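# would you be able to build a 3D model of this:
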Amino acid sequence: MHWKTNLKTVVDKSKEDAEENTVNAEAEFQVFTDGSGVNGGIGSAAVLYRNGEEVDAATFYLGSSKDHTVPEAEMVGLIMGMGMI
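Numbering: from 1, shown residues only. Predicted coordinates:
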């Protein structure tokens with residue numbers, strides 16, 4: 001017996017593709033995550049939508065870009081998003 005998930009992961013190539021796929025998605029739940037650096041700081045974000053309505057959002061400031069990286073922030077964003085499901 002094999003376990004099967006109904007989860008689907010999508011990484012769009014452009015903002016326009018992402019917007020189109022988001023609007024046309026038939027999924028009950030959608031989670032969006034990001035990690036980025038701005039003005040010398042590194043942070044993460046995650047947002048949960050259910051049936052097209054935002055139901056949860058979170059941000060987290062990791063700290064200075066001297067001590068943290070964008071890939072680290074991306075992983076933190078993914079963890080936050082998984083915690084929302």
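# could I get the full set of helices for this protein?
15-24, 70-84 (DSSP state H).
# and the longest one, what other elements does it pack with?
With contacts defined as 3 or more CB pairs under 8 Å, 6 or more residues apart in numbering; DSSP states H and E, the secondary structure elements packing on helix 70-84 are strand 29-38, strand 41-50, strand 53-64. Yep, even glycine has a C-beta here, placed from its N, CA and C like the rest.
# give me the buried positions along that helix.
Buried residues in helix 70-84, counting neighbours by 16 or more other CB atoms under 10 Å, are found at 70, 73, 76, 77, 78, 80, 81, 84.
# contact partners for the nearest residue to the fifth one once chain neighbours are set aside?
Same thing as residue 78. Using CB to CB, 6 or more residues apart in numbering and skipping the chain neighbours, the partner closest in space to residue 78 is residue 33 (5.2 Å). By CB atoms under 8 Å, 6 or more residues apart in numbering, the contact list for residue 33 reads 44, 45, 46, 47, 74, 77, 78, 80, 81.
# pretty sure the fourth one sits against residue 53.
What that stands for is residue 47. No - contact between residue 47 and residue 53 fails when scored by CB atoms under 8 Å: they sit 11.1 Å apart.
# which one of these two has more residues nearby?
residue 47 (19 against 7; other CB atoms under 10 Å).
# what sits against that one?
Contacts of residue 47 (CB under 8 Å, 6+ apart): 31, 32, 33, 54, 56, 57, 58.
# likewise residue 68?
Residue 68 touches 42, 62, counting by CB under 8 Å, 6+ apart.
# then residue 71?
residue 35.
# with residue 8 instead?
Counted by CB under 8 Å, 6+ apart, residue 8 has contacts residue 27.
# before we move on, the earlier item: quick one: which of the helices and strands packed on helix 70-84 is nearest residue 13?
strand 29-38 (15.7 Å; CB to CB).
# re earlier: okay, the helices and strands packed on helix 70-84 in TSV with distance to residue 15 and mean pLDDT next?
As requested, those are exported to TSV (distance: least, CB to CB, whole Å; pLDDT from 0 to 100):
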stretch	distance to residue 15	mean pLDDT
strand 29-38	12	94
strand 41-50	15	96
strand 53-64	18	96
